[in-house]
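A.B. asks: Provided below for reference: sequence and predicted model.
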Amino acid sequence: KAGVTQTPRYLIKTRGQQVTLSCSPISGHRSVSWYQQTPGQGLQFLFEYFSETQRNKGNFPGRFSGRQFSNSRSEMNVSTLELGDSALYLCASSIDGADTEAFFGQGTRLTVV
Amino acid sequence: GNSVTQMEGPVTLSEEAFLTINCTYTATGYPSLFWYVQYPGEGLQLLLKATKADDKGSNKGFEATYRKETTSFHLEKGSVQVSDSAVYFCALSDQGANNLFFGTGTRLTVIP
């Protein structure tokens, strides 16, 4: 079956702009989480959505937001981009979040210039 | 709070050498523990997991045992191959598999 699909794979934005990233989970998976990966901070949890509701949230400013649609697809939005937002953004899906395996997409590489 | 401390890399080994990557954790309660692997240009893949104390996770020749008394989950492999070259991440979760705290990652390079 198809894996977790993230689009776009690469993105270049200017400081101050906003960006929306998309994640399509594995069919049947209802939990979607987002992570930021940077060389300095490593992999950090942003938030988790389940059944269109944000269930858990990491320690990121309010500029980072997300949502989940009824088909479990999720989008992540970053407003007022800063240079430090340059990172690989990874999406992961699992059946219900309480199970013991999450499947990751290949990520979206965001570069802020 | 939750945190994972992972052995700093990079680690370079010759093919067929023994591998250990240390991982210790701090958590409230009884978390599940994971090792994820990231091959170049790819997302993370679950390598193995353990959900309770004394459980041993194993996959593709890799093993790790959940040690509650030492709060550790060290990754081991008896004989590494060139194809094992990747970045390895130790992680924990106390709220299900999709809310993970990761270590900093250890880059492993295996040379022929």
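C.D. replies: Yep, that arrived.
A.B. asks: could you tell me which residues of chain B lie near chain A?
C.D. replies: B:32, B:36, B:41-46, B:49, B:51, B:89, B:91, B:95-105 (CB under 8 Å from any CB of the partner chain). For glycine as for every other residue, the C-beta is placed from the backbone atoms N, C-alpha and C.
A.B. asks: inside strands: which ones of the residues you listed?
C.D. replies: B:32, B:36, B:44, B:45, B:46, B:49, B:89, B:91, B:101, B:102 (DSSP state E).
A.B. asks: among those, name the buried ones.
C.D. replies: B:32, B:36, B:44, B:46, B:49, B:89, B:91, B:101, B:102 (16 or more other CB atoms under 10 Å in any protein chain shown).
A.B. asks: got the residues you listed as TSV, with distance to residue A:76 and pLDDT columns?
C.D. replies: Below are those laid out as TSV (distance: CB to CB, whole Å; pLDDT from 0 to 100):
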residue	distance to residue A:76	pLDDT
B:32	25	91
B:36	20	96
B:44	17	92
B:46	22	93
B:49	26	93
B:89	21	96
B:91	20	94
B:101	19	91
B:102	18	93
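A.B. asks: find the residue at the geometric middle of the chain.
C.D. replies: Went with chain A since none was named. Per CA atoms, centre = their mean, the C-alpha nearest to the average position across chain A is that of residue A:34, at 3.2 Å.
A.B. asks: to clarify, I was referring to chain B.
C.D. replies: Short answer for chain B (CA atoms, centre = their mean): residue B:35, at 3.4 Å.
A.B. asks: brilliant, that's me finished.
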